[in-house]
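Asker: missing the sequence, but the structure's below:
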């Protein structure tokens, strides 16, 4: 999704933890999350470049690094969701696994020590990006005031919902007081804008404070859950690892079927960790072991995904050369056509021997670069005969 101002906002996640998703809702969410992931990467790259060019850019380094870490965690989880979705070939088991991957906790190390779910990571990324855009002065000069006010109202509602999740007590009361104060400021700004007053200078500080407030609520909520529910966290992480393991095994099987040599990383067996313990010391050790398994899975996923990407990239390169050969009318020249077929066969072989395929694609490229077009060769021959 994108606001009229151009900034992406994370899609609303379907379902709940442990319950099978609706297949249509899952497909819509995956499509929207894919667009959000790609668009957010472009936004972060633009912010990173802008930070390098501004005097105050160094002040945003921490938030940019956190935003990049969150994006990487979301991107890795998205790849596992796609593998589990398997182009829609899913049953109840896979749809339940999808809900676990969406609502389970992302890798703590990947998200800079924060244990958040995929939707929380996306919302946190949105809040950070809004704060960074204002801090770096990147909001478009022609931005509609009414749209910025609308976004702030929506943010106030999210903050209010987040405060409702806080445990009852002084901290929740203080947060509610702060939210009310921000809401009153927003109301004053909206009323002044309605009277035709200039509110640009009032909006920026309010946007920064609201984004920081929302971010802190999300982070504090995640840390509070970690401290209060180690058993629940361990069970969630284990369930998440089991879902990742199943998805990763599918990626590994696909890679072994398509590519030779394939990486030789073993997929960790989550069941070997044993049942979740119930004492704090044992739980902390168990969580460390879960983190180790998670890192091992990430390494394996990166390696196998790269092997598949390299094969796809080589295939695309060959077809690009083929298109060029057709455009220059040398595609059907005997040597060129034979070189293409050899490379095509090597890539279509299962598994495809990558070293041979790379060499044959290079040979085809060489033929393409050194073979003159038929009409050019005929002209040269005619000139030689005269």
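Answerer: Thanks, I have it. Being a predicted model, the structure only gives us computed values, none of them experimental.

Asker: okay, domains of the chain per the record?
Answerer: Domain segmentation of the chain under automatic domain parsing yields 1-143, 314-385.

Asker: now do the last one, average pLDDT.
Answerer: Just to be clear, that refers to domain 314-385. The predicted model gives domain 314-385 an average pLDDT of 87.

Asker: which one of the domains of the chain lies closest to residue 280?
Answerer: The closest of these to residue 280 is domain 1-143. By C-beta to C-beta, the value is 16.5 Å. Where C-beta positions appear, they are placed from N, C-alpha and C, glycine not excepted.

Asker: residues in contact with the nearest residue to residue 290 once chain neighbours are set aside?
Answerer: In this structure, residue 290 finds its nearest non-sequential neighbour in residue 237, 4.8 Å apart by C-beta to C-beta, 6 or more residues apart in numbering. By C-beta atoms under 8 Å, 6 or more residues apart in numbering, the contact set of residue 237 is 104, 105, 287, 290, 294.

Asker: identify whichever of the domains of the chain lies nearest to residue 182.
Answerer: domain 1-143 (13.7 Å).

Asker: what distance separates the closest one from the middle of the whole chain?
Answerer: Computed by C-alpha atoms, centre = their mean, to the nearest Å, the chain-centroid distance of domain 1-143 equals 6 Å.

Asker: burial measure for residue 14, as a count.
Answerer: Neighbour count for residue 14, taken as other C-beta atoms under 10 Å: 20.

Asker: then residue 264?
Answerer: For residue 264, using other C-beta under 10 Å, the count is 8.

Asker: ok, now residue 74?
Answerer: Residue 74: 24 neighbours (other C-beta under 10 Å).

Asker: pretty sure it sits against residue 116.
Answerer: No. Applying C-beta atoms under 8 Å as the test, residue 74 and residue 116 come out as separate, 10.0 Å apart.

Asker: any residues in contact with both of these two?
Answerer: Common contact partners of residue 74 and residue 116 (C-beta under 8 Å, 6+ apart): residue 106.

Asker: gap between residue 356 and residue 260?
Answerer: 9 Å (C-beta to C-beta, to the nearest Å).

Asker: okay, and the residue nearest the centre of the chain sits in which element?
Answerer: Nearest residue to the geometric centre of the chain (C-alpha atoms, centre = their mean): residue 75, 2.2 Å. Assigned by DSSP states H and E, residue 75 belongs to helix 61-85.

Asker: that helix packs against which elements?
Answerer: Contact here means 3 or more C-beta pairs under 8 Å, 6 or more residues apart in numbering; DSSP states H and E; on that basis helix 61-85 packs against helix 23-53, helix 92-103, helix 118-135, helix 230-258, helix 280-327.

Asker: weakest of the ones you listed by average pLDDT?
Answerer: helix 118-135 (a mean of 84).

Asker: mind listing what's buried along the next helix or strand along the chain from that helix?
Answerer: Using DSSP H and E, the helix or strand that follows helix 118-135 in sequence is helix 145-164. By 16 or more other C-beta atoms under 10 Å, the buried positions in helix 145-164 come out as 145, 148, 149, 151, 152, 155, 156, 158, 159, 162, 163.

Asker: run the angle between helix 145-164 and helix 118-135 for me.
Answerer: Counting by axes from the mean of the first three to the mean of the last three C-alpha atoms, to 10 degrees, helix 145-164 lies at 140 degrees to helix 118-135.

Asker: residues contacting helix 145-164, please?
Answerer: 3-5, 123, 130, 139, 172, 175-176, 179, 182-183, 186, 189-190, 193, 199-200, 203, 206-207, 210-211, 213-214, 217-218, 221.

Asker: what distance do you get for residue 333 to residue 364?
Answerer: Taking C-beta to C-beta as the measure, residue 333 falls 12 Å from residue 364.

Asker: please apply the same query to residue 45.
Answerer: Taken as C-beta to C-beta, the span from residue 45 to residue 364 is 34 Å.

Asker: also residue 81?
Answerer: 36 Å.

Asker: now residue 148
Answerer: Noted for residue 148: a distance of 55 Å to residue 364, by C-beta to C-beta.

Asker: got it, and residue 202?
Answerer: Residue 202 sits at a distance of 63 Å from residue 364 (criterion: C-beta to C-beta).

Asker: who's more crowded, the two?
Answerer: residue 364 (25 against 16).

Asker: give the contact list for the more buried one.
Answerer: 318, 321, 336, 339, 340, 342, 343.

Asker: out of those, who's nearest residue 93?
Answerer: Nearest member of those to residue 93, counting by C-beta to C-beta, is residue 318, at 37.5 Å.

Asker: surely that closest one and residue 347 touch.
Answerer: Yes. Applying C-beta under 8 Å as the test, residue 318 and residue 347 come out as touching, 6.4 Å apart.

Asker: which residues do those two both contact?
Answerer: residue 361.

Asker: of these two, who's got more company?
Answerer: Using other C-beta under 10 Å, the more surrounded residue of residue 318 and residue 347 is residue 347, with 23 against 20.
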